[in-house]
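A.B. asks: sequence and predicted model, in that order:
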Amino acid sequence: MLASVFQTRGARLALGVGGLVVAGVSLAAATSAPQRLSTLSTSPFLTGIQSLSPSSSQLLEKDRRAYLAKAASTVLYTSAVAASSAFLLRRATVSLPKILGISAGIISSQIAVHSLDIHTQFPLKIAALSAFGAATGASLMGMRYFASPQMLATAALGTLAVAAGAALTSYVVKDIDRLPGYAALVGGSAAVSLCGLGSMFFPHAVLHNVWLYGGLGVFSVLMMVGMHRIQRNALENPRHADYINDSMHVYVDMYQVFSRLLLLKGGTNRR
């Protein structure tokens, strides 16, 4: 079973070390992504850049690197807010009204982040992003019933390993979000969400397993797609693309993977 990878201390250590190593490689790949992607892309934007002066090209290169750095910082910031929120609410009791309120907060803040303009409404967009991170962290407020610090660390390292692998794959594979199977992938994420909603009202092992294992696969691939989109926007439109919106997609996928790995670890401990 997938969760058996976390059963031994050696496996957890290997996962952690491997995740850190791959993360370092992916970070180095991300910093050089514009140069590599520029050799693969044939967009009119890049064709026009070839005629620019060396100083203009250097400025655009700085814009691309700044876009990648801002996107990574946004994911880290949102994750830190979520972790702080989860820690502060770790002893809170879980009730249906709280769950519904947190779900409404996640949806409303996510809509607000997407609707606010990054150039003219930046402070409001950051505030909405902070509220979104706090709401996703609050959704883990019941973790004290099954999650020990060791379990949280294992799930975090597992998420790091998945994210690093997604970053490397998105760096190598061209136009992931334009492949024929992308529409089916989006449909699969909707099906996973429906199974999760259905399992709340009609508890069944099949619905739960589709939500858990199917969601782990779907959101891992969506994370890769989101990282590829960030790299492409950094290359083609670094001055006008919205790095916060791009980053929030990646954060949501990381959160979905983390929560499922945490449940898998909890199930392993109960056995």
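C.D. replies: Received the coordinates, thanks. Residues are numbered from 1 along each chain as shown.

A.B. asks: which non-adjacent residue is nearest residue 81?
C.D. replies: Excluding the flanking residues, the one nearest residue 81 by CB to CB, 6 or more residues apart in numbering is residue 133, at 3.4 Å. Glycine gets a C-beta too; all of them are placed from N, C-alpha and C.

A.B. asks: against residue 196, how distant is that neighbour?
C.D. replies: Using CB to CB, to the nearest Å, residue 133 is found at 21 Å from residue 196.

A.B. asks: who's more crowded, these two?
C.D. replies: Per other CB atoms under 10 Å, whichever of residue 133 and residue 196 has more neighbours is residue 133, with 26 against 17.

A.B. asks: check whether that one sits in a helix, strand or coil.
C.D. replies: At residue 133, secondary structure determined by DSSP: H, G, I helix; E, B strand; the rest coil is helix.

A.B. asks: what residues are up against it?
C.D. replies: 77, 78, 79, 80, 81, 82, 85, 251 (CB atoms under 8 Å, 6 or more residues apart in numbering).

A.B. asks: count of residues packed around the first one?
C.D. replies: Counted with other CB under 10 Å, the neighbours of residue 77 add up to 17.

A.B. asks: pLDDT score assigned to it?
C.D. replies: pLDDT for residue 77: 93.

A.B. asks: tell me which other helices or strands the helix or strand hosting it touches.
C.D. replies: Element membership for residue 77, per DSSP states H and E: helix 54-88. Applying 3 or more CB pairs under 8 Å, 6 or more residues apart in numbering; DSSP states H and E, one finds that helix 54-88 makes contact with helix 9-31, helix 33-40, helix 122-138, helix 215-236, helix 243-270.

A.B. asks: average model confidence for the shortest one?
C.D. replies: To tie it back to what came earlier, the one meant is helix 33-40. pLDDT averaged over helix 33-40 gives 42.

A.B. asks: who touches stretch 203-221?
C.D. replies: Against stretch 203-221 from outside (CB under 8 Å, 6+ apart): 2, 162, 166, 185, 188-189, 191-192, 195-196, 198-199, 253, 256-257, 260-261, 263-264.

A.B. asks: what subset of the residues you listed is buried?
C.D. replies: 162, 166, 185, 188-189, 192, 195-196, 198-199, 253, 256-257, 260-261, 263-264 (16 or more other CB atoms under 10 Å).

A.B. asks: what stretches of the protein score poorly on pLDDT?
C.D. replies: Along the chain, the parts satisfying pLDDT under 70 run over 1-57, 144-146, 175-184, 186, 200, 266-271.

A.B. asks: mind doing that once more with 50?
C.D. replies: The chain contains residues with pLDDT under 50 at 1-52, 270-271.

A.B. asks: how close does residue 125 get to residue 221?
C.D. replies: For residue 125, the distance to residue 221 - CB to CB - is 27 Å.

A.B. asks: and of the contacts of residue 133, the nearest to residue 225?
C.D. replies: residue 251 (13.8 Å; CB to CB).

A.B. asks: tell me, how many residues neighbour the closest one?
C.D. replies: Neighbours around residue 251, by other CB under 10 Å: 22.

A.B. asks: repeat for residue 208
C.D. replies: Residue 208: 16 neighbours (other CB under 10 Å).

A.B. asks: quickly find the element holding it.
C.D. replies: Per DSSP H and E: helix 205-209 holds residue 208.

A.B. asks: so what's the residue count around residue 122?
C.D. replies: So residue 122, with other CB under 10 Å, has 12 neighbours.

A.B. asks: ok, it to residue 85 distance?
C.D. replies: For residue 122, the distance to residue 85 - CB to CB - is 22 Å.

A.B. asks: let me see the contact set for the residue nearest to residue 105 when sequence neighbours are not counted.
C.D. replies: Residue nearest to residue 105 in three dimensions, not counting chain neighbours: residue 135, with 3.9 Å by CB to CB, 6+ apart. Residues in contact with residue 135 (CB under 8 Å, 6+ apart) are 85, 102, 105, 106, 109.
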